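K.L.:
here are the coordinates; sequence isn't available:
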């Protein structure tokens, strides 16, 4: 039977279930358009229905943000303090950065950098001393998992739900997180939920919203929102690319220079706070850092250029890329990458030597293809093919994890993640 309800009406039904079934509800709030809308909807739901309860708000304060984002966060939290229980996190966990060839991470609120913090630490925030699970090498995503366990125990909750404002329109990974068949990890049969621990769940009530829906709701209900988006619009940033995230992630490199125009005071402070920010602000959207049409220096092959780039890097960074390259070469020689029939045909037409196998352990209709690394190839599926040019792009982008090449977590990273998840899975409350 066709569902004629719009996304707002469906979300109201989801919130009704959440506030009925969970005694502890926590909204993850970054200050962006999606999490801001989600928090506004929850606040509105509690007030309209006169619920005698508070909403927990989990806000990871990354120290360096647009001033408009900080103002919006402060504004909405202060305006609703009567029904919000705020957990503003100012912890020096590791955060990935792609601005530097010397650093793969930086730390907000690092005590050793206190004299160059871009702003004072907010009052009434939670710091490292408040969390017994914190350790020096903890990444921000690890902290989020442990925080859920910590808050569930702190509230002595029967059942906890952490609301996250992600939408499947944003990326394939987000679409997969909702639509993959994982019934055993859902709360009852709600596909937009996932179990992350005993009686602890994540929920994504806005998963089916479009960007235009978000702004329609803000206008219709006169919700407060981050005024940064007005400046993005005036600066000509495409509606779908207007995002509030850590400014040093690979996805933000192209627009990092906007800080200079939109928030010059913050820009002046951040260039001395994190290595490589000024260079990235100048060249982040150019071929110098692997964007647009990267140019091969005269007299070089891509393999030779890659070797030159590696020779300019600090030893730990160089070893990291060399390990990634070695793993990739071995993978394509022995297991093979899965390619579509169209891509395989294009490789044949380009005269590339390769071997097509008929079976793979991956769940896909594509076929595994074994081949050696190429110097370069000019086909639409360039990113799927192992080339030294592709490796050069990773190096120029300071893409330490080689996401551009489709790298997943390393064995060590998987080991750490599994250790965390196992601890969370077996918690006794």
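P.N.:
Nice, I can see it. A quick note: this is a predicted structure, and the numbers were derived from the prediction, not measured.
K.L.:
Buried ones in stretch 317-333, by neighbour count?
P.N.:
Of the residues in stretch 317-333, those buried by neighbour count under the rule 16 or more other C-beta atoms under 10 Å are 317-318, 320-321, 324-325, 328, 332. Placement of C-beta: from N, CA and C, glycine included.
K.L.:
Let me have those residues in JSON lines, extended by pLDDT, secondary structure and distance to residue 14.
P.N.:
As requested, the buried residues of stretch 317-333 are exported to JSON lines (pLDDT from 0 to 100; DSSP: H, G, I helix; E, B strand; the rest coil; distance: C-beta to C-beta, whole Å):
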{"residue": "317", "pLDDT": "83", "secondary structure": "helix", "distance to residue 14": "45"}
{"residue": "318", "pLDDT": "85", "secondary structure": "helix", "distance to residue 14": "49"}
{"residue": "320", "pLDDT": "85", "secondary structure": "helix", "distance to residue 14": "42"}
{"residue": "321", "pLDDT": "86", "secondary structure": "helix", "distance to residue 14": "44"}
{"residue": "324", "pLDDT": "89", "secondary structure": "helix", "distance to residue 14": "41"}
{"residue": "325", "pLDDT": "91", "secondary structure": "helix", "distance to residue 14": "45"}
{"residue": "328", "pLDDT": "91", "secondary structure": "helix", "distance to residue 14": "42"}
{"residue": "332", "pLDDT": "93", "secondary structure": "helix", "distance to residue 14": "44"}
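K.L.:
for the residues you listed, which one is nearest residue 232?
P.N.:
Distance to residue 232, by C-beta to C-beta, is smallest for residue 317 among the buried residues of stretch 317-333, at 32.5 Å.
K.L.:
Quick check: the closest one touching residue 324?
P.N.:
No - taking contact to mean C-beta atoms under 8 Å, the distance of 11.1 Å between residue 317 and residue 324 leaves them out of contact.
K.L.:
Name the secondary structure element that contains the closest residue in space to residue 118 that isn't next to it in sequence.
P.N.:
Counting by C-beta to C-beta, 6 or more residues apart in numbering, the nearest residue to residue 118 once its immediate chain neighbours are dropped is residue 269, at 4.0 Å. Per DSSP states H and E, residue 269 falls inside helix 264-270.
K.L.:
Quick one: name whatever helix or strand follows the helix or strand of the chain with the lowest mean pLDDT.
P.N.:
Every helix and strand in the chain was compared by mean pLDDT, DSSP states H and E; the lowest is helix 277-283, with a mean of 45. As assigned by DSSP H and E, the chain's next helix or strand after helix 277-283 is helix 302-311.
K.L.:
For that next one, give the mean pLDDT please.
P.N.:
Taken as a whole, helix 302-311 carries a mean pLDDT of 88.
K.L.:
cool, and stretch 264-274?
P.N.:
Mean predicted confidence for stretch 264-274 is 76.
K.L.:
quick one: it to chain centroid distance?
P.N.:
Here stretch 264-274 shows a centroid-to-chain-centroid distance of 22 Å under the convention C-alpha atoms, centre = their mean, to the nearest Å.
K.L.:
Assign residue 237 to helix, strand or coil.
P.N.:
State at residue 237, reduced to three classes by DSSP: H, G, I helix; E, B strand; the rest coil: coil.
K.L.:
so how far is residue 230 from it?
P.N.:
The span separating residue 237 from residue 230 equals 11 Å under the rule C-beta to C-beta, to the nearest Å.
K.L.:
Also residue 87?
P.N.:
Shown here: residue 87 relative to residue 230, a distance of 28 Å by C-beta to C-beta.
K.L.:
pLDDT weak spots in the chain?
P.N.:
Low-confidence regions of the chain, defined here as pLDDT under 70, cover residues 1-3, 98-103, 171-184, 245-257, 259, 272, 275-293, 360-364, 408-429.
K.L.:
That one - how does it break down into domains?
P.N.:
Using automatic domain parsing, the domain parsing of the chain gives 7-212, 231-286, 302-396+399-416.
K.L.:
In TSV, list those domains along with distance to residue 223.
P.N.:
Compiled in TSV, these are given as follows (distance: least, C-beta to C-beta, whole Å):
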stretch	distance to residue 223
domain 7-212	4
domain 231-286	16
domain 302-396+399-416	34
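K.L.:
and residue 225, which of these is closest to it?
P.N.:
Between residue 225 and the domains of the chain, the tightest spacing by C-beta to C-beta is seen for domain 7-212, at 5.6 Å.
K.L.:
quick revisit: give me the more crowded residue out of residue 237 and residue 230.
P.N.:
Neighbours per residue, other C-beta atoms under 10 Å: of residue 237 and residue 230, the larger number sits with residue 237, 16 against 12.
K.L.:
wait, doesn't that one sit right on residue 258?
P.N.:
Yes - between residue 237 and residue 258 there is a contact under C-beta under 8 Å: 7.4 Å.
K.L.:
all strands for the protein, in order.
P.N.:
Taking DSSP state E, the strands of the chain run over residues 24-28, 55-60, 84-89, 95-96, 105-106, 160-163, 193-197, 200-203, 337-339, 355-356, 367-370.
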